[in-house]
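Participant: this is the structure alone, sequence omitted:
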C-alpha cells in the first residue's frame, strides 16, 4: 500500500494534464473544513497563495485567508475570503472572489471511526460581469461565478483514511456575465451570457502518511466531482440554451505535503491536477495544474 | 510573522485590470465604407432619467448589414448593450454587443432586417432600457 501511495505522490507531483481542475473557491477545497476535529487549540488562521494554469493561456493567482474557531469540542465555524487574479490574452483581471461560511459538527469517535457533517454557504463578491475596456470577459477571467451556493457534506475518518461526500447547490443566481464568443475575437471560450450553473456532487478519499518524527505529513487525495446537469446561457437572440457537454465527471488528484514547524505552525504545499474532465467547461473551472502554499497558525 | 499575515490582506484590498491583446483599445472595431448604402435610420429617444443624443443608421455594405451610431452620446450605465429589436421593448431582439467607444456594430448574417423596427440601448445587468431609436426605411 505504501509503495502505491509513494508512486501516486511522484505522479501527482509531476503530471501536468491539459484538462479541467478545480475552482479555488468551490467544492474541491471544502474537505479542508473537516480537518478541524483533532486540533486542540481553539483558533486557526490560514493564509494561502495558489497558482494555477487554466485553459488557453490563462494563469491564475488566488490567495485566500481563512479563520476557524472551535466553538465546542464538536462544533467549529470557518470563514474564508478568496481573491483571484487571472491573466491571459484578455488581459489581467483581479478582484475579490467569494466568501465562505462553513460550520462543521464532529461526532464522537467509535471503533476508529469518526463521522462529521458540514453545512456552509458561499457568497459572491461579484456578479461575474467584469469587463476590460468595455469588452466582456469569459468566466475564466471572473473572480466569482456570481452564485450564492449551499454546501452540505459528510466525512468519515477511519484510521488514516478520510472519505468525504458533499454537494454544492447554487441556490440564488446573480450571474450577470455578458460574454459572447461571437464578439470576442477568439473561439477559446464558450459564450456565457447570463450564465446559469447546475449543482455539483463530490466524493473524495485521502490517506495520511505521517513520518516517524511527526514533522511531515503526506496526504494523497483523489476527488470525484459530478456536475449534475448542463449549464445554460442566453444566446444573442435572447433564447436560453443548454451548453451541451457541460455536465459530467471530473476526477482530480491532489497531493498535500505538510511540514509541522512546531505545535502551532504548519506549512503546507499542495499540488493538484485533473485526470478526467467534462467535454465543455463554460464555468471557467479549467485549471490544468494547481500549486498552493498554505501557512497555518493555531492559537 | 504578523507582518507576513498582512501581505494577503493587501492583495484583498486591490481590484484591478489591465488590458490584453483581445481587449486593447480599438480591437475588433469595424467601420462603414463610403460606398455603403443607407437602408434605415432613426433618432434616439431616451427613457426617464437618461440623457441621449444622436441617431442609429443601418447600412448595407457587401451583403453585410451594419448599425452606425452617429453623433451619439448617452448617460453612463453599468452594462449597456446595443440591441436590434422587433419592438420598442427588449423582448424580441438580437444583441449586437456591448456599447463601447465603437460606433459601428455588425448585424449577424441570417437576420431578416425587415423584421426589426428598433435599435435599443439596454442595460442588461439591471434590466433597464436606456434609449430607443425607431427605424424608418430610407
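Facilitator: Yep, that arrived. None of the values given here were measured: they were computed from a predicted structure.

Participant: would you map the helices across the stretch 1-150 of chain A?
Facilitator: For the stretch 1-150 of chain A, the helices defined by DSSP state H, counting those that start in this stretch cover A:2-14.

Participant: my read: residue B:38 touches residue B:59, true?
Facilitator: Yes - using CB atoms under 8 Å, residue B:38 is in contact with residue B:59, at 5.7 Å. Just so you know, the C-beta spots here come from the backbone N, C-alpha and C atoms, and that holds for glycine as well.

Participant: phi, psi for the residue in chain B that chain A sits nearest to please.
Facilitator: With CB to the nearest CB, the shortest gap between chain B and chain A falls at residue B:20, namely 3.2 Å. The phi and psi values for residue B:20, taken as degrees, to the nearest 10, are phi -120, psi -170.

Participant: centre of the chain to stretch B:123-138, how far?
Facilitator: Remark: stretch B:123-138 is offset 10 Å from the chain centroid, using CA atoms, centre = their mean, to the nearest Å.

Participant: could you give the average pLDDT over that stretch?
Facilitator: Across stretch B:123-138, pLDDT averages out at 94.

Participant: what do you get for stretch A:221-230?
Facilitator: Here the average pLDDT along stretch A:221-230 is 94.

Participant: now do stretch A:51-70
Facilitator: Regarding stretch A:51-70, the rounded mean pLDDT is 92.

Participant: and it, which residues are buried?
Facilitator: Buried positions in stretch A:51-70, judged by neighbour count with 16 or more other CB atoms under 10 Å in any protein chain shown: A:52-55, A:58, A:60-66, A:68, A:70.

Participant: contact partners for the residue nearest to the spatial centre of chain B?
Facilitator: Centroid check for chain B by CA atoms, centre = their mean gives residue B:99 as the closest residue, at 2.6 Å. By CB atoms under 8 Å, 6 or more residues apart in numbering or on different chains, the contact list for residue B:99 reads A:134, B:74, B:77, B:80-82, B:121.

Participant: if we use 10 Å, what do you get?
Facilitator: Counting by CB atoms under 10 Å, 6 or more residues apart in numbering or on different chains, residue B:99 makes contact with A:134, B:69, B:72, B:74, B:77, B:79-83, B:105, B:121-123, B:130-131.

Participant: just residue B:132 next, same as before
Facilitator: Counting by CB under 10 Å, 6+ apart, residue B:132 touches B:42-47, B:52, B:56, B:83, B:85, B:87-90, B:118-122.

Participant: only whichever of these are buried, select them in ChimeraX.
Facilitator: Buried members of those, defined by 16+ other CB under 10 Å, are picked up in ChimeraX with:
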select /B:42,43,44,46,52,56,83,85,90,118,119,120,121,122
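
Participant: keep only the contacts of residue B:132 that also lie close to chain A.
Facilitator: B:83, B:85, B:90 (CB under 10 Å from any CB of the partner chain).
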